[in-house]
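Participant: Provided below for reference: sequence and predicted model.
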Amino acid sequence: MGLAAYITKRILLVVPTFFVATVIIFLLIHVAPGDPIQLMFAESGHPVSPLIVQQVRTRLGLDQPLHVQYLIWIGKMLTGDLGVSYSAQFGRPVLSLITERIWLTVGIMVTAEALSIVFALALGVVAAARQYSVIDNLCSVSALLGYSMPTFWIGLVLIMVFSVWLGLLPTFGVMTYGVEFPPIQRVIDIATHLILPVLVISFSYTAYLFRMVRSNMLEVLRQDYITTARAKGVKERMVIYKHALRNTLLPTVTLVGLSVGFILSGAVVVETVFSIPGLGSLFIELALKRDYPALMGLSLVITIMVLLANLCTDIAYSLIDPRIRY
Amino acid sequence: MKTGRAQIAWRKFKKNRASFVGGGILVIVILMALFAPVIAPEGRIEIDLTSTKLPPGPDHLFGTDSLGRDVAAYIIWGARTSLMVAATALLLEILLAVAVGAIAGYYRGIVDDILMRITDVILVLPTIVLLVVIVSMFKVRSLFLIAAAMAITSWPWMARVVRSDFLSLREQPFVEAARSLGASDFAIVARHILPNALSSIIVLGTIDIAWFILYQATLTFLGLGDPVAVSWGSLISRGRNYLGVAWWISTFPGLAIFIVTLACNLLGDGLRDAFDVKTRV
């Protein structure tokens, strides 16, 4: 199978997954108890006549059978109409809410991801190459500790130490508001605001990745071709970095793609802790207001982000390892 | 055969000191939760506006919170909530996972395909996102609702492991023997296959307890938990506004979550090595 054919096949495989996901999101929100219309009016706090309730219900299509509602919804979604948020604070098209905030979240995620991959790979390889050495034990124990800490709590502790006690970093937001900065200082300003959030996300993710890289590497080091290379007199450094590392990279690529959800969950929590106006904090605000249309639209966008990341992983994997295409 | 396997596992498990420590910590926390009224009289977690935000000292080992409640006592009572919710979630998760995994692995074919496609999708979606969507649909969020939501978002992984156990076990000679003796499908599954899949369920379940404790604290922190329950997450979020003046309010309950999660992970790792279970499918 050629590369183009393989990629086409992968893309086609994403389609059914996407539709099952939309059905799950739709059903989760529609089988929940409580009438969304009543809820919508309850938010406003004014008494409303039953006639108006009925009119709104008809206008929003909520009097249609469930499968018709789903088809209408998915049709709108596919043309880019994610609906209008009905909670008081927003009241805007969901799509514009999302496009306004998505870049910040993606930026934080990509930075955290890159940092984690570098650290996890470097430490994982060194730890596995010297199994049970001091450095291996140190890294493995720290990873286990990091893996067991609640993300939001790490965030709070870091805010306490670096912002409140030492006064080195800002406590929340993405930038200092109400102050005019020249461009370069503005960049530095934003960077200092984002150091802690990025570190918190990459901390637990590095711990998770490290454990995987280390165990993958140990597995590779047990293979016969490694023994062969050593028996031939290849230098240990070459064995580790050329023969073993390359083969460890393969399962690691898959892992990175599959754990985009992990980073996204981290972003949801960390954006809330640091009051960063990204997709994660938007998601929690909408959930707290029970803004169903907006919540459905945003869940869909998150699903698409994860599926795209998985697709890219598959394609990257097939480029690195041609065997996978056959 | 069953005792033989258990004995080998026990012998391996005994050698792993870290998992022993993990198990020990869990036993202590469970005892603490059971005997909460004895160790920390209920009066200590009642609102007392005359003694708010007191620093740690002989009277209040971990200080008091913004409403004058003893942080140490609150943590002990919080352990009850955490463990109860985690145990409920675990029970529901096992029921779901075993039902789906057994049906998919035993009957195979189209049923298997459909069930596995559903697990694929749930595994792809970020757990916190799914949890938030489910929980936010309810105005009154009871602890049971939170446990049920965590079970609904977590079962696919265990179901896949159970399924792969079933796929290989159903081809074993002893299953063949039971079938030729005329045993019903239910008897084969319940009496012959399931007991052999138990070790995977125990290992994954131990690790999932850690996740359940983390998730419920996270939900509470995000404002989507049970607001009236005495829980670690609610104490941490209350302390959030006093990081500068009363660091102890958020720090200690967070440490409690950390220690219990760590204990579950240590125990789970040890059990995994002892039973030689693959947790990745």
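Facilitator: Great, that's in hand.
Participant: does A:Thr176 count as helix, strand or coil?
Facilitator: Three-state call for A:Thr176 (DSSP: H, G, I helix; E, B strand; the rest coil): coil.
Participant: how far away is A:Leu319 from chain B?
Facilitator: A:Leu319 sits 22 Å away from chain B, going by Cβ to the nearest Cβ, to the nearest Å. Yep, even glycine has a C-beta here, placed from its N, CA and C like the rest.
Participant: what's the burial count for residue 179?
Facilitator: As the question left the chain open, I've gone with chain A. 9 (other Cβ atoms under 10 Å in any protein chain shown).
Participant: not what I meant, chain B
Facilitator: Neighbours around B:Arg179, by other Cβ under 10 Å: 15.
Participant: Against B:Ala187, how distant is it?
Facilitator: B:Arg179 sits 10 Å away from B:Ala187, going by Cβ to Cβ, to the nearest Å.
Participant: Then B:Leu67?
Facilitator: Going from B:Leu67 to B:Ala187 by Cβ to Cβ gives 57 Å.
Participant: and if you look at B:Arg80?
Facilitator: 39 Å.
Participant: pull the longest helix from chain A.
Facilitator: For chain A, the longest helix by residue count, based on DSSP state H, is helix A:183-221.
Participant: Against which helices or strands is it packed?
Facilitator: Under the contact criterion of 3 or more Cβ pairs under 8 Å, 6 or more residues apart in numbering or on different chains; DSSP states H and E, helix A:183-221 touches helix A:94-129, helix A:134-148, helix A:151-158, helix A:245-258, helix A:260-273.
Participant: buried set for the strand or helix carrying A:Ala316?
Facilitator: Per DSSP states H and E: A:Ala316 is located in helix A:292-320. Using 16 or more other Cβ atoms under 10 Å in any protein chain shown as the test for burial, helix A:292-320 gives A:292-303, A:305-307, A:309-311, A:313-315, A:317-318.
Participant: so what secondary structure elements neighbour it?
Facilitator: On a contact count with 3+ Cβ pairs under 8 Å, 6+ apart, helix A:292-320 meets helix A:3-30, helix A:66-78, helix A:94-129, helix A:245-258, helix A:260-273, helix A:279-289, helix B:109-124, helix B:127-136.
Participant: got the angle between the first one and helix B:109-124?
Facilitator: It refers to helix A:3-30. Helix A:3-30 runs at 80 degrees relative to helix B:109-124, counting by axes from the mean of the first three to the mean of the last three Cα atoms, to 10 degrees.
Participant: since we're on the residue in the stretch 51-200 of chain B positioned nearest to chain A, how many residues are nearby?
Facilitator: Proximity of the stretch 51-200 of chain B to chain A (Cβ to the nearest Cβ) peaks at B:Met137, 3.2 Å away. Look at B:Met137: counted by other Cβ under 10 Å, it has 22 neighbours.
Participant: Does it touch A:Leu295 like I think?
Facilitator: No - B:Met137 lies out of contact with A:Leu295 (Cβ atoms under 8 Å); the separation is 9.1 Å.
Participant: Give the intersection of the neighbour lists for these two.
Facilitator: Any residue near both B:Met137 and A:Leu295 by Cβ atoms under 8 Å, 6 or more residues apart in numbering or on different chains counts here, and that gives A:Ile29.
Participant: what's B:Phe20 in contact with, if anything?
Facilitator: B:Phe20 makes contact with B:14, B:270 under the criterion Cβ under 8 Å, 6+ apart.
Participant: how near is it to A:Ile24?
Facilitator: Distance of B:Phe20 to A:Ile24, given as Cβ to Cβ: 41 Å.
Participant: do B:Met137 as well
Facilitator: From B:Met137 over to A:Ile24 (counting by Cβ to Cβ), the distance is 13 Å.
Participant: what does A:Arg323 give?
Facilitator: A:Arg323 is 34 Å from A:Ile24, where distance means Cβ to Cβ.
Participant: of the two, who's got more company?
Facilitator: Neighbour tally, A:Arg323 and A:Ile24, criterion other Cβ under 10 Å: the higher count belongs to A:Ile24, 18 against 8.
Participant: Spit out the contact partners of the closest residue to the more buried one other than its chain neighbours.
Facilitator: Spatial nearest neighbour of A:Ile24, chain neighbours left out: B:Val121 (6.2 Å); criterion: Cβ to Cβ, 6 or more residues apart in numbering or on different chains. Applying Cβ under 8 Å, 6+ apart to B:Val121 gives the contacts A:17, A:20-21, A:24.
Participant: can you list the residues of the stretch 1-150 of chain A near chain B?
Facilitator: A:16-17, A:20-21, A:24-25, A:28-29, A:32-34, A:144-145, A:147-150 (Cβ under 8 Å from any Cβ of the partner chain).
Participant: Around chain A, pick out the residues from the stretch 151-281 of chain B.
Facilitator: Checking the stretch 151-281 of chain B against chain A by Cβ under 8 Å from any Cβ, the hits are B:210, B:214, B:217-218, B:221-224, B:236, B:239-240, B:243-244, B:247, B:250-251, B:254, B:257-258, B:261-262, B:265-266.
Participant: count of residues packed around the residue nearest to A:Thr111 when sequence neighbours are not counted?
Facilitator: Leaving aside its sequence neighbours, A:Thr111 sits nearest to A:Val198 (Cβ to Cβ, 6+ apart; 5.1 Å). Neighbouring residues of A:Val198 were enumerated by other Cβ under 10 Å; the total is 22.
Participant: follow-up on the earlier one: B:Arg80 and B:Ala187: who's more crowded?
Facilitator: B:Arg80 (18 against 13).
Participant: Just the pLDDT for that one.
Facilitator: pLDDT recorded at B:Arg80 is 93.
Participant: And A:Leu51, by the same measure?
Facilitator: pLDDT at A:Leu51 comes out at 82.
Participant: residues touching residue 21, list them.
Facilitator: Looking at chain A here, since you left the chain open. A:303, A:307, B:121, B:124-125.
Participant: The chain in question should be chain B.
Facilitator: B:263, B:266.
Participant: ok, now how distant is it from B:Ala263?
Facilitator: For B:Val21, the distance to B:Ala263 - Cβ to Cβ - is 8 Å.
Participant: do B:Ile128 as well
Facilitator: B:Ile128 is 23 Å from B:Ala263, by Cβ to Cβ.
Participant: Tell me the one of the contacts of A:Ala21 nearest B:Leu26?
Facilitator: B:Leu125 (29.9 Å; Cβ to Cβ).
Participant: Backbone dihedrals for that closest one, please?
Facilitator: phi -70, psi 140 (degrees, to the nearest 10).
Participant: That one: what's it in contact with?
Facilitator: For B:Leu125, the contact set (Cβ under 8 Å, 6+ apart) comprises A:21, A:24, A:261, A:302-303, A:306.
Participant: tell me the SS of A:Gly61?
Facilitator: Under three-state DSSP, A:Gly61 falls in the coil class.
Participant: burial of the residue lying closest to it once chain neighbours are set aside, as a residue count?
Facilitator: Of all residues not flanking A:Gly61 in the chain, A:Ile72 sits nearest, at 5.5 Å (Cβ to Cβ, 6+ apart). Using other Cβ under 10 Å, A:Ile72 is surrounded by 13 other residues.
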